[in-house]
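Enquirer: generate a structure from the sequence data that follows.
(one chain, ligands or ions: 1)
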Amino acid sequence: MDLDKPIEQNSQPVIKVRGLVNSFGSVVVHDNLDLTLERGEILGVVGGSGTGKSVLLRSIVGLKRPNDGTVEVLGTTLNELNDQERSQIERRFGVLFQRGALFSSMNLQENIALTLIEHAKLPREDAEHLARVKLSLVGLPPEAALQFPESLSGGMVKRAALARALALDPDILFLDEPTAGLDPIGAAAFDQLLVTLRDALGFSVFLVTHDLDTLYAACDRVAVLSQKRVLVIGTIDKVADTDDEWVQEYFHGPRGRAAQRAHTASSTNAYTQE
Ligand SMILES: Nc1ncnc2c1ncn2[C@@H]1O[C@H](COP(=O)(O)OP(=O)(O)OP(=O)(O)O)[C@@H](O)[C@H]1O
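Expert: This next block holds a predicted model:
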């Protein structure tokens, strides 16, 4: 298969996980897990602590070799690739880890340029120019390019980390708890930015989160991890109706009800302003 050819414009899923098994010693994290990420969608992946959301993300991006099952990405089965083919596919991913800190010794422009120099082999001047374009894409002002991470707010650091994840124009963006640690206003702005960029650039998003507001504001579908597999996947309304103790508590507990009310209110405001 020619991995350099452009992705066909079709409606094939961008990720197809089938029969995934992951374990650490005798601890089985995933057992026969199936999951599909459709092209262009933002999929929110939720579940109780330790249900394997991050391990699932790592299995898909190639940081954890599954014990069994297949992971198909952009029409290619990862298990069948050699190292070179795998790294070509991985260039189509943008990843923002929960603790994916930027290098503190580099300013924002240098942080992003590094990815472009290492992976796209761009000369430094071009890489830094493109880095400034990416920083403006995520809503950071021009002067932020020369600032160091420690001098920025949490929201600005997240935006810069998003700019780095977008550096190579990924087809699939993987985000692990992107709004963790942000205040509600910063988190809502990040959710909005994600939707705007997805609409403009057309990438697909695999988003691990605990943030109910993000699920309502940004996600097209939600997948719940429970009992070592995907218990349910679908629209948030369908998922919230699932007869499962964790799902009911999560979506219909006080925080779930507040997130739903906030979402309904903002949808109503948007409608009346049109
Ligand atoms: N490298 C590892 N070695 C051993 N066990 C691991 C390793 N990575 C993850 N685990 C175990 O796998 C299980 C799932 O971990 P994971 O981090 O994917 O959960 P999670 O759903 O993302 O949790 P949280 O919501 O708390 O971040 C946990 O029991 C964890 O201890």
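Enquirer: so, low pLDDT: which residues of the stretch 51-200 of the chain?
Expert: 99-100 (pLDDT under 70).
Enquirer: what's the spacing between the helix ranked longest in the chain and its chain's center?
Expert: When the chain is scanned for its longest helix (criterion: DSSP state H), the result is helix 254-273. Chain-centre distance of helix 254-273: 23 Å, with Cα atoms, centre = their mean, to the nearest Å.
Enquirer: before we move on, what about stretch 26-45?
Expert: Distance of stretch 26-45 from the chain centroid (Cα atoms, centre = their mean) equals 12 Å.
Enquirer: alpha carbons of that stretch, in CSV - could you do that?
Expert: Below are the C-alpha coordinates for stretch 26-45, written out as CSV (Å, rounded to 0.1, in the frame of the first residue of the first chain):
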residue,chain,number,x,y,z
SER,A,26,-2.5,-10.6,35.2
VAL,A,27,-4.5,-7.3,35.1
VAL,A,28,-6.8,-7.3,32.0
VAL,A,29,-7.7,-3.8,31.0
HIS,A,30,-9.5,-4.4,27.7
ASP,A,31,-11.1,-7.7,26.6
ASN,A,32,-12.5,-7.9,23.1
LEU,A,33,-13.0,-4.1,22.8
ASP,A,34,-14.5,-2.7,19.6
LEU,A,35,-14.5,1.0,18.7
THR,A,36,-15.0,3.1,15.5
LEU,A,37,-14.1,6.7,14.9
GLU,A,38,-15.9,8.1,12.0
ARG,A,39,-14.3,10.6,9.6
GLY,A,40,-14.6,14.2,10.8
GLU,A,41,-16.3,13.5,14.1
ILE,A,42,-15.3,14.4,17.6
LEU,A,43,-15.7,11.3,19.7
GLY,A,44,-15.6,11.7,23.5
VAL,A,45,-14.2,8.7,25.4
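Enquirer: pLDDT on it, on average?
Expert: On average, the pLDDT along stretch 26-45 is 97.
Enquirer: can you give me the buried ones in it?
Expert: 29-31, 33, 35-37, 39-45 (16 or more other Cβ atoms under 10 Å). C-beta coordinates here come from the backbone N, C-alpha and C atoms, glycine included.
Enquirer: show me where the chain has its strands.
Expert: 15-24, 27-37, 42-47, 68-73, 76-77, 93-96, 172-176, 204-208, 221-226, 229-234 (DSSP state E).
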